[in-house]
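Novice: fold the following and give me the result.
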Amino acid sequence: DLKEGALVRRMEGHTGTVLSVCELPDGNSLSGSFDKTIKKWDAITGECVGTLKGHSGGVLSVDANSGIICSGSADGTVRIWDATAE
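Specialist: As a prediction, this is how the structure comes out:
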């Protein structure tokens, strides 16, 4: 928490440096990594609940809005993902 400066949750699973993180409207999180993946994290358990693969370079930015996930990569592409797909 910010008042005490205490760690609330640690999420592990990427195999490369994490370069971008964003919060989803449901309170869960997304992270983009130099390992070329985007991971969705359960905010309560800290567990990875999904991984998006497709970039051929590190994921430099990730954001989500209105049922889509946007990611920008060192491979020179921006990808649009369906956030509602299982």
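
Novice: what about residue 80, neighbour count?
Specialist: By other C-beta atoms under 10 Å, 9 other residues sit near residue 80. C-beta here means a position set from N, CA and C on the backbone, and glycine is covered the same way.

Novice: and the helix or strand where it lies, what does it pack against?
Specialist: According to DSSP states H and E, residue 80 maps onto strand 78-82. Applying 3 or more C-beta pairs under 8 Å, 6 or more residues apart in numbering; DSSP states H and E, one finds that strand 78-82 contacts strand 68-73.

Novice: can I get the strand it packs on in CSV? Just the C-alpha atoms.
Specialist: Provided in CSV are the C-alpha atoms of strand 68-73 (Å, rounded to 0.1, in the frame of the first residue of the first chain):
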residue,chain,number,x,y,z
ILE,A,68,-9.7,-4.4,-27.1
ILE,A,69,-6.0,-4.7,-26.1
CYS,A,70,-3.5,-2.6,-28.1
SER,A,71,0.2,-3.5,-28.1
GLY,A,72,3.2,-1.9,-29.6
SER,A,73,6.4,-3.9,-30.2
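
Novice: now that strand: buried residues?
Specialist: Neighbour counts using 16 or more other C-beta atoms under 10 Å place 69, 71, 72, 73 of strand 68-73 among the buried residues.

Novice: now do the same contact list for the closest residue to the last one other than its chain neighbours.
Specialist: In this structure, residue 73 finds its nearest non-sequential neighbour in residue 55, 4.0 Å apart by C-beta to C-beta, 6 or more residues apart in numbering. For residue 55, the contact set (C-beta atoms under 8 Å, 6 or more residues apart in numbering) comprises 36, 37, 71, 73, 74, 75, 77, 79.
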